[in-house]
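Peer 1: Sequence first, then the predicted structure, then my questions.
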2 protein chains.
Amino acid sequence: MNVAVFGLGAMGFGIAESILRAGHKVWGVDLDEGTMRRFQDIGGATSDLDPGGLDAAVIVVLNADQTAEVLFGSDGIVPQMKKGAVVLGCATVPPAFASDMAERCDGYQVHYLDAPISGGSAKAATGQLSIMASGTKQALDAAGPVLDAMADTVFELGAAAGAGSAMKAVNQMLAGVHIAAMAEAMTFGMTQGIAPSDFLKVISKCAGTSWMLENRAPHVVDGDYAARSAVNIWPKDLGIVRDIAQSARFEAPITETALAQYQKAVAMGLGREDDAAVAKVYAAQAGLNLPSADS
Amino acid sequence: MNVAVFGLGAMGFGIAESILRAGHKVWGVDLDEGTMRRFQDIGGATSDLDPGGLDAAVIVVLNADQTAEVLFGSDGIVPQMKKGAVVLGCATVPPAFASDMAERCDGYQVHYLDAPISGGSAKAATGQLSIMASGTKQALDAAGPVLDAMADTVFELGAAAGAGSAMKAVNQMLAGVHIAAMAEAMTFGMTQGIAPSDFLKVISKCAGTSWMLENRAPHVVDGDYAARSAVNIWPKDLGIVRDIAQSARFEAPITETALAQYQKAVAMGLGREDDAAVAKVYAAQAGLNLPSADS
């Protein structure tokens, strides 16, 4: 198959790599030249992309605006794509936006699969993501080989685009809350004489654990804030959750509180650090010294 | 060994059962007559308890006040216990209280092990709890056979009573936040058309999962609010966390927000229901119908 991946960030690069490894021809599109060179080095195509020749386009850009620009902007691909081709929308977007994209794609007889992803950059690179998919059977079938290459779990959430994005919003809500809660609990523990490494060793084996705690607490313990997933993701994703919740007149106070902690982290200049750096918000408030990379 | 278990609630009964099963003589003490009869039925002793004959006393009452009453109240056991016997303090208490109890026990040459527990009533009944233990080597040695009977994991957190309780506070902080966050996310999902059963199926396999989500979300899905662990636990335990945090001038906004949700649940008359009933706070606010036991 001929596949293009738009957005070669932490997730997109790994996805493109996994689709390449499955034997497909893959074009990569990213604004960063270094990234494009890296993609070329592993066998990806970076020039002469013809949207009309694509069987599938995987959109792994930052948000809804960027997705709309790629699909229907000034040089949007969908009007150029062939009948029966498929777009996989992988960015975290509001459910109503996904639904709108599906309708507009349908106008060009292009399939749209609402296909947000979960699992992190390591699983993107090994083709083991989880995908929360919703869309018509035709969209799912057309996307099949690409889904096989990038995911080991595909949750089929019904025929209506938007259901996948709703589930993704729910997942992000919990993931974002859990990282901030981990940071709150770990730094609270420090005020009681509990070393971050002991916190990780004990709590990861107890009822207080979470997927995110086990994944992110080691970054704080190691003093390693190289971004696997950046702080900046959370004001965006939890902001989407807040907006959807407000539209539904749903009060989400814990999510709002976690969002505020990430906003404080961004205000402290930590936006491009690993999201575990939200711990620095707590440490600054309480006058604590987090572990450094040297120690 | 001769062992007494004070407090035969959801955790205490299972602990007493596990110590019995290990071949020790076990006295049970509880205010509820039905519980005492149930304990007698499984081979426990419910009369003629002589504190002077005990090798170990396991305190599984509700809080610090009740612990102090059992140990040093009008008929307190510690002044009657023999030299070298051990008290295991299993209730969730402030670290400073545990430290004080250890010092007072020491005055009677009785060992005190700060030994808060984690794992839930099912693991209590099978002797597979996790214990966050701190205390002198002598206390740990004296408690050994009892720990073997009730736990499969004993975290040894140092010689100072209080360290165990600090770790327990950290664990409760996360566990309490995670249950409320699960409720917030599940009901938010319902506003977007996601059935609670689909929420559980998908999110438990994604990065948004937590130990508590996997344990408690099924209760909401099944509409089953028979208390394994009651809502009332959380205003108490998160209140302890808030008090410790305030003493340390530590701001814990996510914990405070979760605590407020449990307080609302208590105000709605849900205190004795399973703690998953915090979902009803969200459902009431948003006008959602949670699954019922019949459906």
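Peer 2: Yes, it's here.
Peer 1: since we're on A:Met167, how many residues are nearby?
Peer 2: One way to gauge burial is a neighbour count; for A:Met167, by other Cβ atoms under 10 Å in any protein chain shown, it gives 29. C-beta coordinates here come from the backbone N, C-alpha and C atoms, glycine included.
Peer 1: from what I can see it touches A:Leu157, true?
Peer 2: Yes. Shown here, A:Met167 and A:Leu157 form a contact pair, counting by Cβ atoms under 8 Å, at 5.9 Å.
Peer 1: what's around the residue lying closest to A:Gly14 once chain neighbours are set aside, how many residues?
Peer 2: Across the structure, with Cβ to Cβ, 6 or more residues apart in numbering or on different chains as the measure, the residue nearest A:Gly14 apart from its sequence neighbours is A:Ala124 (3.0 Å). A:Ala124 is flanked by 25 other residues according to other Cβ under 10 Å.
Peer 1: Over to the one 3 residues further on?
Peer 2: Number of residues near A:Gly127 (other Cβ under 10 Å) recorded here: 18.
Peer 1: Domain ranges for chain A, per the record?
Peer 2: Partitioning chain A according to automatic domain parsing yields domains covering residues A:2-160, A:165-286.
Peer 1: want to try JSON lines for these, with distance to B:Leu71 and mean pLDDT as columns?
Peer 2: Output for the domains of chain A, formatted as JSON lines (distance: least, Cβ to Cβ, whole Å; pLDDT from 0 to 100):
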{"stretch": "domain A:2-160", "distance to B:Leu71": "48", "mean pLDDT": "97"}
{"stretch": "domain A:165-286", "distance to B:Leu71": "23", "mean pLDDT": "97"}
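Peer 1: SS state for A:Ala133?
Peer 2: The three-state label for A:Ala133, taken from DSSP: H, G, I helix; E, B strand; the rest coil, comes out as strand.
Peer 1: Can you name the residues bridging to it?
Peer 2: A:Glu156 (DSSP bridges).
Peer 1: can you count the residues close to it?
Peer 2: For A:Ala133, the tally of surrounding residues (other Cβ under 10 Å) stands at 25.
Peer 1: you'd agree it is up against A:Leu147?
Peer 2: Yes. Using Cβ under 8 Å, A:Ala133 makes contact with A:Leu147 at a distance of 7.2 Å.
Peer 1: Overlap in contacts, those two.
Peer 2: Shared between the contact lists of A:Ala133 and A:Leu147 (criterion: Cβ atoms under 8 Å, 6 or more residues apart in numbering or on different chains) are residues A:115, A:140, A:154.
Peer 1: Please determine how far the last one is located from B:Pro291.
Peer 2: Read it as A:Val154. Using Cβ to Cβ, to the nearest Å, A:Val154 is found at 26 Å from B:Pro291.
Peer 1: likewise the second one?
Peer 2: When distance is defined by Cβ to Cβ, A:Leu140 is 28 Å away from B:Pro291.
Peer 1: can you give me the helices for chain A?
Peer 2: Under the criterion DSSP state H, helices of chain A are mapped to A:10-21, A:33-41, A:64-72, A:95-106, A:121-125, A:137-150, A:163-191, A:196-203, A:211-221, A:233-247, A:253-267, A:279-286.
Peer 1: out of those, deepest packed?
Peer 2: Each of these was scored by mean neighbour count; the highest is helix A:163-191, a mean of 28, by mean count of other Cβ atoms under 10 Å in any protein chain shown.
Peer 1: ok, that helix near chain B or not?
Peer 2: Yes. For a cut-off given as Cβ under 8 Å from any Cβ of the partner chain, helix A:163-191 has contacts with chain B, namely A:163, A:166-167, A:169-175, A:177-178, A:180-182, A:184-189, A:191.
Peer 1: quick one, that helix and helix B:233-247 angle?
Peer 2: In this structure, helix A:163-191 runs at an angle of 50 degrees to helix B:233-247, with axes from the mean of the first three to the mean of the last three Cα atoms, to 10 degrees as the basis.
Peer 1: Centre of the chain to helix A:163-191, how far?
Peer 2: Helix A:163-191 has its average C-alpha position 14 Å from the chain's average C-alpha position, going by Cα atoms, centre = their mean, to the nearest Å.
Peer 1: Is it correct that A:Val146 is in contact with A:Ala56?
Peer 2: Yes. Contact criterion Cβ under 8 Å: A:Val146 and A:Ala56 qualify, at 4.9 Å.
Peer 1: overlap in contacts of the two?
Peer 2: When Cβ under 8 Å, 6+ apart defines a contact, the residues bordering A:Val146 and A:Ala56 alike are A:1, A:3, A:86, A:88.
Peer 1: residues contacting the residue in the stretch 51-200 of chain A positioned nearest to chain B?
Peer 2: Taking Cβ to the nearest Cβ, chain B has its nearest neighbour within the stretch 51-200 of chain A at A:Leu174, 3.3 Å off. Contacts were defined as Cβ under 8 Å, 6+ apart; by that measure A:Leu174 touches B:181-182, B:185, B:203, B:208-210, B:213.
Peer 1: Skipping adjacent residues, who's closest to it in space?
Peer 2: Once its chain neighbours are removed from consideration, A:Leu174 has its nearest residue in B:Gly208; the separation is 3.3 Å (Cβ to Cβ, 6+ apart).
Peer 1: Double-check the one you found against A:Val170; I have them as touching.
Peer 2: Yes. At 7.0 Å, B:Gly208 counts as touching A:Val170 under the criterion of Cβ under 8 Å.
Peer 1: circling back: any idea which of the shared contacts of A:Ala133 and A:Leu147 is the one closest to A:Leu238?
Peer 2: A:Ala115 (20.9 Å; Cβ to Cβ).
Peer 1: out of everything not next to it in sequence, what's closest to the closest one?
Peer 2: Once flanking residues are discounted, A:Ala115 sits nearest to A:Leu88: 4.4 Å by Cβ to Cβ, 6+ apart.
Peer 1: Which strand residues bridge the one you found?
Peer 2: Legend: beta-bridge partners of A:Leu88 under DSSP bridges are A:Val58, A:Leu113.
Peer 1: and it, how many residues sit next to it?
Peer 2: For A:Leu88, the count of nearby residues is 28 (other Cβ under 10 Å).
Peer 1: and if you look at A:Leu129?
Peer 2: One way to gauge burial is a neighbour count; for A:Leu129, by other Cβ under 10 Å, it gives 26.
Peer 1: cool, and the one 5 residues further on?
Peer 2: Counted with other Cβ under 10 Å, residues neighbouring A:Ser134 total 28.
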